[in-house]
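In: Need coordinates for the following:
(one chain, ligands or ions: 1)
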Amino acid sequence: MWKPPERIRHPLPAPAWPTAAAAAVARWFQPVEVGPVRLAERTWVPAMVPWRATEEGFVTPEVLAWYERFARGEPGAIVVEATGIRDVPSGPLLRAGDDRFLPGLSELVSTVRRASGGRTRVFLQIIDFLSIRRRPEREVFLTRFLKISDSLKEKLSVKGDVEARGVLLTLSEGDLRAVLSEREWHDLQFGARELVTDLHVPSVRSLPEVLPPLFASAALRAERAGFDGVELHFAHAYTMASFLSPLNTRDDGYGGARENRVRVGHLMPVGPNSVGVMAFSRKPSIRRSASRRPGSHRHRRSRRTGRAGRSMANPHWASHRWCRALLRSPGLHR
Ligand SMILES: Cc1cc2nc3c(=O)[nH]c(=O)nc-3n(C[C@H](O)[C@H](O)[C@H](O)COP(=O)(O)O)c2cc1C
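Out: I've put the predicted structure just below:
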């Protein structure tokens, strides 16, 4: 680990803890109206996935225990971790894509209500993500995953696919990089991930029609489970952040110009009684997640500088890296 040449010990500032009376009148602990919901105070536990759901996406006793501990502190709001809106396997991530998830989600809400004496409001963060593969072994990638195109065969001066794979396996890193496309090289380095710009994939092309009803169904389910609202996940290079990204070059009216990139977001169902909370990165990106995986250089740098996502809405609520803008909540800006 790098150590600075001179180690400066700064004196600790004299502690000036507020008295109970001073804390009681602090703005942080004052109520606030968020659309139709009133928070008892402005403390806010952001969404954090603890990977405690079952492989099928159900709430477990460990999930309940995790939120119970937060709720005992009676924060103004808890946002329950990113929860998938589709009914597809997604590992130990909570899911809200079907009614069979309702009993567990309802129990989660009851647990928070009970542990906080009914004081804490509880939101469900709902998320969509496209297919992501783990980084493959070089040999597996070259022999199984890589599609052999005619242009690649031409570059390798071979006729058949099998022959092409054979040659690829013998290439040095530099030579391999020279013959693969940027996308193929990226997939080999970081794992293949579907992009919102993959318009040749029908399920990606239809996202603007498919996503709003999927988000709406998950939000309705959250309401039936007793949540006070939902937080739409628009951050961290997942589907919605990828739509917002300047790298979104879709040519179907949902990419390119900024008005087009925000269009799917505008299609999200936000009714007069809804408390919409949105989590998004300051610089949404399609592909950034690979280079920002925890521990990577860019990840450490963004933690140091805080540049990845300074607060755009309200510094009382937003962490220094990610921003949560409350939709239709003038109370926030008081
Ligand atoms: C373990 C862990 C899990 C997280 N899971 C989510 C998540 O599900 N959804 C989300 O929007 N942010 C998630 N985050 C980001 C946090 O909500 C928070 O915005 C982030 O930690 C920034 O706050 P900080 O700079 O104070 O750490 C997670 C963070 C951590 C540490």
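In: got the contact list for Ile127?
Out: Taking Cβ atoms under 8 Å, 6 or more residues apart in numbering, we find Ile127 in contact with Ala82, Thr83, Gly84, Ile85, His233, Tyr238. In short, each C-beta sits where N, CA and C put it, glycine included.
In: Which positions in the stretch 101-250 of the chain make contact with the ligand?
Out: Gln125, His233, Ala235 (Cβ under 6 Å from any ligand atom).
In: In strands only, show me those.
Out: Secondary structure assignment by DSSP state E places Gln125, His233 of those in strands.
In: So which of the contacts of Ile127 wins on neighbours?
Out: Thr83 (28 neighbours; other Cβ atoms under 10 Å).
In: What about it? Give its phi and psi, please.
Out: With angles defined as degrees, to the nearest 10, Thr83 sits at phi -130, psi 130.
In: same check, this time on Arg221
Out: phi -60, psi -40.
In: my read: it touches Gly104, true?
Out: No - Arg221 lies out of contact with Gly104 (Cβ atoms under 8 Å); the separation is 11.3 Å.
In: Would you mind giving the contacts of Ile127 as JSON lines with distance to Asp98 added?
Out: Shown next, in JSON lines, are the contacts of Ile127 (distance: Cβ to Cβ, whole Å):
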{"residue": "Ala82", "distance to Asp98": "17"}
{"residue": "Thr83", "distance to Asp98": "12"}
{"residue": "Gly84", "distance to Asp98": "10"}
{"residue": "Ile85", "distance to Asp98": "10"}
{"residue": "His233", "distance to Asp98": "19"}
{"residue": "Tyr238", "distance to Asp98": "20"}
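In: Now the two most distant members of the residues you listed.
Out: Thr83 and Tyr238 (12.4 Å; Cβ to Cβ).
In: Have a look at Arg221 and Gly104 and say which one is more surrounded.
Out: Arg221 (24 against 20).
In: how much space between that one and the ligand?
Out: Remark: distance between Arg221 and the ligand (Cβ to the nearest ligand atom, to the nearest Å) = 18 Å.
In: tell me the contacts of the residue nearest to Gly117 when sequence neighbours are not counted?
Out: If the residues on either side of it in the chain are set aside, Gly117 comes closest to Glu74, at 6.9 Å by Cβ to Cβ, 6 or more residues apart in numbering. By Cβ under 8 Å, 6+ apart, the contact set of Glu74 is Ala40, Ser116, Gly117, Arg119, Thr120.
In: Repeat the analysis, applying 7 Å as the threshold.
Out: The contact partners of Glu74, taken as Cβ atoms under 7 Å, 6 or more residues apart in numbering, are Ser116, Gly117, Arg119, Thr120.
In: What strand or helix carries it?
Out: When elements are assigned from DSSP states H and E, Glu74 belongs to no helix and no strand.
In: Quick check on the residue nearest to Leu156 when sequence neighbours are not counted: phi, psi?
Out: Sequence neighbours aside, Val167 is the residue nearest to Leu156 in space, at 5.0 Å (criterion: Cβ to Cβ, 6+ apart). For Val167, the backbone dihedrals (degrees, to the nearest 10) come out as phi -70, psi -40.
In: got a pLDDT number for Val167?
Out: On pLDDT, Val167 comes in at 94.
In: What values do phi and psi take at Val37?
Out: Per degrees, to the nearest 10, the backbone of Val37 is at phi -110, psi 140.
In: on that earlier part again, from the contacts of Glu74, which would you call buried?
Out: Buried by 16 or more other Cβ atoms under 10 Å: Ser116, Thr120, out of the contacts of Glu74.
In: What is the nearest of the contacts of Glu74 to the ligand?
Out: Thr120 (16.6 Å; Cβ to the nearest ligand atom).
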